[in-house]
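Enquirer: Task: produce atomic coordinates for the following.
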Amino acid sequence: MEAIKIYRNLLRTMRTHIGSDGSKTHFRDYIVGEFRKNKGLEDASLVQQKLKLAQNYVFLLNSVHHHKDLLFSYNIAVNREGELKATLKKSAASVGLQIPIPYEE
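Expert: Modelled structure (predicted):
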């Protein structure tokens, strides 16, 4: 049961942070293949090691993206104009509005 939870969490995190478009399906295919390959392992210590490795990878992905978000929020040598526009669009969309496109000549 623990393996299923870790498997789903890993796939969800991978889809969230890496993406799921056509050019990145090899990440998902690798994860699925590894879990299927190790499904019938008898050695409990080896299974626990592999599950711990998967948990650590989920933690790493989440931490790296959280760190990146923190750097953006602290404005560490980054142009935040694009991020600010995206935040405004999300905020407007949450109440059913759209940001108008500015007129440029």
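Enquirer: Next SSE downstream of the longest helix along the chain?
Expert: With secondary structure taken from DSSP state H, the chain has its longest helix at helix 44-73. Per DSSP states H and E, the first helix or strand lying C-terminal to helix 44-73 is helix 81-94.
Enquirer: Give me the angle between that following helix and helix 44-73.
Expert: 100 degrees (axes from the mean of the first three to the mean of the last three CA atoms, to 10 degrees).
Enquirer: In three-state terms, label residue 96 for me.
Expert: Under DSSP: H, G, I helix; E, B strand; the rest coil, residue 96 falls in the coil class.
Enquirer: and the residue sitting nearest the centre point of the chain, what does it touch?
Expert: Centroid check for the chain by CA atoms, centre = their mean gives residue 17 as the closest residue, at 2.2 Å. By CB atoms under 8 Å, 6 or more residues apart in numbering, the residues touching residue 17 are 61-62, 64-65. Yep, even glycine has a C-beta here, placed from its N, CA and C like the rest.
Enquirer: sorry, back to before: and the longest helix of the chain, what other elements does it pack with?
Expert: Identification of packing neighbours for helix 44-73 by 3 or more CB pairs under 8 Å, 6 or more residues apart in numbering; DSSP states H and E yields helix 2-17.
Enquirer: Check which residues of the helix or strand just after the helix it packs on are buried.
Expert: Per DSSP H and E, the first helix or strand lying C-terminal to helix 2-17 is helix 25-37. Taking 16 or more other CB atoms under 10 Å as the neighbour-count basis, helix 25-37 is seen to contain the buried residues 28, 31, 35.
Enquirer: Okay then, goodbye and thanks.
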